[in-house]
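Asks: For reference, the sequence and a predicted model appear below.
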Protein chains: 2
Amino acid sequence: METLDELAATLGPRHCLTEPDDIAPYAVDWRGTWHGTPRAVLRPGSTEEVAATLRACAAQGLSVVPAGGRTGLCGGAIVAQNGPPSVVLSLERMNRIRDVDARDFSLVAEAGCVIQNVQQAAVAVDRLFPLSWGAQGSAMVGGALSTNAGGIRTLRWGNARDLVMGLEVVLPDGRVLNDLRRVRKDNSGYALRHLFLGGEGTLGVITAAALRLVPALKRVETAFVAVPSPDAALALFSRVMESGADVIAFELIIGECMEIVSRNGIGIRIPLPVGSPWYVMVELAAAHPSVPLREMLEDTLAAGAEAEEVLDAAIAENEAQRAMIWRIREDWPDCGRREAPSVNTDTAVPVSAVPAFCARVGAALAERWPEGRLIAIGHAGDGNIHVSLMAPRGTDYAAWSVRASGAEEVVNAIAVDLGGSFSAEHGIGQSKRHAMATHKDKVALDLMRAVKAVIDPTGMMNPGKMLP
Amino acid sequence: METLDELAATLGPRHCLTEPDDIAPYAVDWRGTWHGTPRAVLRPGSTEEVAATLRACAAQGLSVVPAGGRTGLCGGAIVAQNGPPSVVLSLERMNRIRDVDARDFSLVAEAGCVIQNVQQAAVAVDRLFPLSWGAQGSAMVGGALSTNAGGIRTLRWGNARDLVMGLEVVLPDGRVLNDLRRVRKDNSGYALRHLFLGGEGTLGVITAAALRLVPALKRVETAFVAVPSPDAALALFSRVMESGADVIAFELIIGECMEIVSRNGIGIRIPLPVGSPWYVMVELAAAHPSVPLREMLEDTLAAGAEAEEVLDAAIAENEAQRAMIWRIREDWPDCGRREAPSVNTDTAVPVSAVPAFCARVGAALAERWPEGRLIAIGHAGDGNIHVSLMAPRGTDYAAWSVRASGAEEVVNAIAVDLGGSFSAEHGIGQSKRHAMATHKDKVALDLMRAVKAVIDPTGMMNPGKMLP
C-alpha cells in the first residue's frame, strides 16, 4: 500500500509495523474484550511525525485510532469491527518529560509518558502529580487526557481535565493546535482544549500537555471504617469535609466486597471484622508534617461514632497498614473476577443522591435477578459508585451472563433518573455507545455531531467510538 | 416592528423595553467606555421565554446581546457600534436559586442571580461559594460564567469554569441544551459546556447552572507582607504552599500602589510603612477552628524573613484588620483612577515567570515612556499580574493617554513571549479583539470560527465580540 510505504520511509521501517506478530498486541485490549486488526501500527516519534502521519492517512483514506498505554476499559484504542480500514497510531515513543518546574507547580509531558513516570518526575522536585489509579504503571498521558481519567483523588484535585493548563494537539488535517502553555488563567476565546480532553481521540491527537502539580504530601492519615448505611457514610462525608483537613479520598464499599476479598485476595488482611453492611475508606493529607492530621481524623471518627454514623474504625498506624488498606481497594477488580463474573457499570449521581441510588439499584436488581449479588464500590465523595451484578457462586456462568446482561441498563436508567450520568469516569469508547443513544440529551448529541463534522469532516479519527 | 410586538405579547409589555429612557441604562457600560443602543431590551422570565425570544429574533434577523449585571470590563454586554440591528436580552428576571444542597455541596442558580446572593445562599447552609471579586454585589451568574470570571481566590478553587457541574443553555435556534446536572464526573462525550463557559454569549444564552460549594471557612488568617522583589515573593509563595495550610489568596503589589492608596484612599490605613518596593497579601483558611493556622502563618513568615524573602509583615489581629487589608486591594481601582489615568492590561504568565515578566515590562515601559509610572498588582499565585502604565501627576492627561496607548501592546507581547496570555480573566469582548487578531494562535482562531459557524450559523449571537 502506497501510504504505508511512504510512512515507513518517513517514520523508519521499525516504526511502521505491518507484520501480524508485531501488530497483534495492538489488536486486542488488555482484558481481551475488544478485538480489531489495524492495517498497520504507526509509531511517530515527534509532533511533526504525528502531523505527517495524519496527513498521509487522510490522503489515502485511512482512518486513525490513537493509542497510548491501552489500559482503557471501553475499547476506545482498539480498531472497531466492520469499520473503515484503519491504522493504530501509537504515541508510545513520545515519552519525554519536556519540563518540570517546582516553583511553577507545573510539568510538561508528551502523550506517551507513563503516568507513574510523571508522578515520579514530580516527586523529584518535591511536588505531587495527583492523578492516580490502578493502571498508572501502564496508562499514558495521552490516553488519560483523552478519556478524562478519574480515580481515587478526584474528590480533591479533579479529573484529568482539571489538571491540564495547556495542550498540543494535531488535528486530522495535520495542523497543530499549539496551546501548550503553563498558564493558569486564559480567557481568550473558546476553551478549545476541553473538546480534546475527554474527546477519546475522535477530534485529533493530543501530543503533549502542560500539567498542574501540587505541593508534595508530607503527612497522610488513612482510616478503614465500618458504617451502617450509605446514608451514614454521606453524613460522615460532610463531617470529614468539615474537619479542616484536606480530604483526598472517600470511598464507599458494600460489605459483600469484603467477604469476596477475604476469599480471593492474596495476602490481603482486612483491618476490621467482615460483616458490616458497608465500609468507607477515608484519607486525609497535608503538605506539612506539623498539621495535626491524626487528631483531626480521630476527633471526626469519634464524633461520627457518637452520631451513629461509624460502627467501627481502624486507622493505619504506619505506611504498611496504609498500603494494606489501599490494596483492598486496588485489588478489588481482580478479587471480583476470581470470585465470579459480573455485569459492571460506571455511573455517577449527585453526592447527596448516593443513598437513594444504592437503595433503588439494590431493589431493582434483586427483583429481576434475585440470585445475583449486589456489588457497590466507588468514589462516594464524587457520587461515582460502580455497581455490579455478580453471579451467584457455582452457577452456570455463561448462561447467567446472558440472562443478567440487562442489569447495566437497569442501573444506568436509575442513575440518569436521579440526575446522574451513565458514564462517569471510564468513557464511552465502543462499550457504551448504545447507552449514549439511549440516555444522552438529543440536543447534546446533535451538537457533538456538528462539532465532530467541522473538526473531522471525513470522520477519519477513531471511527466507531463515542458517538452512537 | 413586528417581532417586537410579538415579543411584547409573549413577555408582557413591561419586559420588552423600547422607550429611550428605559433602554438608556443598557446602552452604556458602567465605566462609560462602551456605548451602543439596542432596538429593545428584552427581559424574559424563564428558560422557555428565552427560547421564544431567540426564535423570534432569529426569524426577524435581529441580533442578540445577552446581559446580566453588566459589570464586565471589555464591553461584552453592550451592543457593538456599526453592527447589525440588535436587542439586549437581559437575564435579570431569572434570579431564582432553584436548589441548595449542603450534603451535596451544590447549588443550582439561574443566570440572573447576583453572585453575592449565591454566596449568601451557601452561607445559609454552612457552605462557601468561593467565587469572589469586587463586583460581586452586582455581577450575575450568567455573566460570571460567560466570561469565566476569576478573582482573588482562583488560586485555591479555580475560575468560574471550575465551579460548574452542569449548565442549561438556550441555543441560537431556541433549542435548550439541558445539562443542568449536579454530577461531578461525567465522561459521556464532548464537554460541550466548556464552549459556553467563557464563550461571552457568542454561542447561546446560559440560563442556569449547577455550581459547586465547599465547606464554610471557620478560620482565616491574613497577612500584609513587605517583600524585596517579585523573585522573593515567588520564593515565599512556594513556602506558603508548602506550609500545610490552605492558601486561598496570594496577591503581589508594587510599592508605588501603596503611595497612591495613601494619597487617594478614603479611610484606608496601610498596616506597614509605605516604602517597600513590593508587597504581598496572603490569606490562609481552614474549614475547622482547630487548625493551627496562625502558627502556620507565623512560622512561614519567620522562615521567609530568615531567608530574606520577607522584609516586614503584619498579621491581621481581628476581622476589622483583615477587612482593612482587603480594602487596600479592593479599593485599588478607585484609588488609581483618582490619582491619574492609566493604560491597563490583563495578562498572565507561568507563575515562575512572574519575576522575569515584571522586570521586562518595567524596562520596556520605562524606555519608551520614562515619565510614566509602572503599576503591577495581581494574583501572583496564578501568574495573573495586572500591569498598568500610569500618567505622571499633573501632566496633560488627554495628550498623555494618546501617547501611552501603545503600552498595552508592549505588555501583551512580553506576556505572550513568556508563554503567557494577553487576556487572563476579564475576557475579550470588544476591547481586546485587536489583541486576539495579533496574538491568538491562527489554528485556534480557525477552530473558533468553525465552532461559531456551526452553533450560530447566522452569526446572530453577540456580534462584534470576542472573535476578531
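Replies: Yep, it's here. Numbers count the residues shown, from 1 in each chain, chains lettered A, B, ... in the order given.

Asks: any chance you could map the strands in the stretch 251-400 of chain A?
Replies: Secondary structure of the stretch 251-400 of chain A (DSSP state E, counting those that start in this stretch): strands at A:278-286, A:312-315, A:342-344, A:373-379, A:384-390.

Asks: Check which helices and strands the second one is in contact with.
Replies: Put plainly, it is strand A:312-315. On a contact count with 3 or more C-beta pairs under 8 Å, 6 or more residues apart in numbering or on different chains; DSSP states H and E, strand A:312-315 meets strand A:219-227, helix A:293-306. Where C-beta positions appear, they are placed from N, C-alpha and C, glycine not excepted.

Asks: Same question for the last one.
Replies: For strand A:384-390, the packing partners by 3+ C-beta pairs under 8 Å, 6+ apart come out as helix A:332-339, strand A:342-344, helix A:354-368, strand A:373-379, helix A:407-417.

Asks: Contacts for that strand, please.
Replies: The contact list for strand A:384-390, computed with C-beta atoms under 8 Å, 6 or more residues apart in numbering or on different chains, reads A:150, A:154, A:252, A:256, A:260, A:336, A:339-349, A:354, A:357-358, A:361, A:365, A:369, A:372-379, A:404, A:407, A:411, A:424-425, B:184-185.

Asks: mean confidence for stretch A:125-135?
Replies: Here stretch A:125-135 scores 96 as its mean pLDDT.

Asks: Show the end-to-end separation of that stretch, please.
Replies: 23 Å (C-alpha to C-alpha, to the nearest Å).

Asks: one step back: buried only: go through the contacts of strand A:384-390 for me.
Replies: A:150, A:154, A:252, A:256, A:260, A:336, A:339-349, A:354, A:357-358, A:361, A:365, A:369, A:372-379, A:404, A:407, A:411, A:424-425, B:184-185 (16 or more other C-beta atoms under 10 Å in any protein chain shown).

Asks: With respect to residue B:332, which of the helices and strands packed on strand A:384-390 lies nearest?
Replies: Proximity to residue B:332, assessed across those by C-beta to C-beta, is greatest for strand A:373-379 (41.8 Å).

Asks: Pull the residues that contact the closest one.
Replies: A:150-152, A:154-155, A:249-254, A:256-257, A:260, A:329, A:332, A:336, A:340, A:342, A:358, A:361-362, A:365-366, A:384-392, B:185.

Asks: if you set the cut-off to 7 Å instead, what comes out?
Replies: Here strand A:373-379 makes contact (C-beta atoms under 7 Å, 6 or more residues apart in numbering or on different chains) with A:152, A:154-155, A:251-254, A:256-257, A:332, A:336, A:342, A:358, A:362, A:365, A:384-390, A:392.

Asks: which bits of the stretch 301-450 of chain A sit near chain B?
Replies: A:348, A:350-352, A:382-384, A:419-428, A:436, A:440-441, A:443-444, A:447-448, A:450 (C-beta under 7 Å from any C-beta of the partner chain).

Asks: what's the spacing between residue A:312 and residue A:303?
Replies: Separation of residue A:312 from residue A:303 (C-beta to C-beta, to the nearest Å): 15 Å.

Asks: Do you know the pLDDT at residue A:152?
Replies: On pLDDT, residue A:152 comes in at 86.

Asks: and if you look at residue A:84?
Replies: Confidence for residue A:84, expressed as pLDDT, is 97.

Asks: ok, now residue A:139?
Replies: Per the predicted model, pLDDT is 98 at residue A:139.

Asks: you'd agree residue A:87 is up against residue A:36?
Replies: No: using C-beta atoms under 7 Å, residue A:87 is not in contact with residue A:36; the gap is 11.5 Å.

Asks: Domain-wise, how is chain A divided?
Replies: Following the assignment in automatic domain parsing, chain A carries domains at A:2-90, A:97-215, A:219-333, A:340-426+A:435-439.

Asks: Can you tell me which of the residues of the stretch 301-450 of chain A next to chain B end up in helices?
Replies: A:436, A:443-444, A:447-448, A:450 (DSSP state H).

Asks: same for the helix or strand of chain A with the lowest mean pLDDT, what does it pack against?
Replies: Lowest on mean pLDDT, DSSP states H and E among the helices and strands of chain A sits helix A:2-11, with a mean of 82. On a contact count with 3 or more C-beta pairs under 7 Å, 6 or more residues apart in numbering or on different chains; DSSP states H and E, helix A:2-11 meets strand A:16-17, helix A:47-60.

Asks: Give me the contact list for the shortest one.
Replies: With C-beta under 7 Å, 6+ apart as the contact definition, strand A:16-17 has outside contacts at A:4, A:7-8, A:23, A:40-42.

Asks: right, and the helix or strand after that strand?
Replies: helix A:20-23 (DSSP states H and E).

Asks: in that following helix, what counts as buried?
Replies: In helix A:20-23, counting by 16+ other C-beta under 10 Å, buried: residue A:23.

Asks: Give the buried subset of the residues of the stretch 301-450 of chain A next to chain B as a ChimeraX selection command.
Replies: With 16+ other C-beta under 10 Å as the criterion, this ChimeraX line picks the buried residues out of these:
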select /A:348,350,351,352,382,383,384,419,420,421,422,423,424,425,426,427,428,436,440,441,443,444,447,448
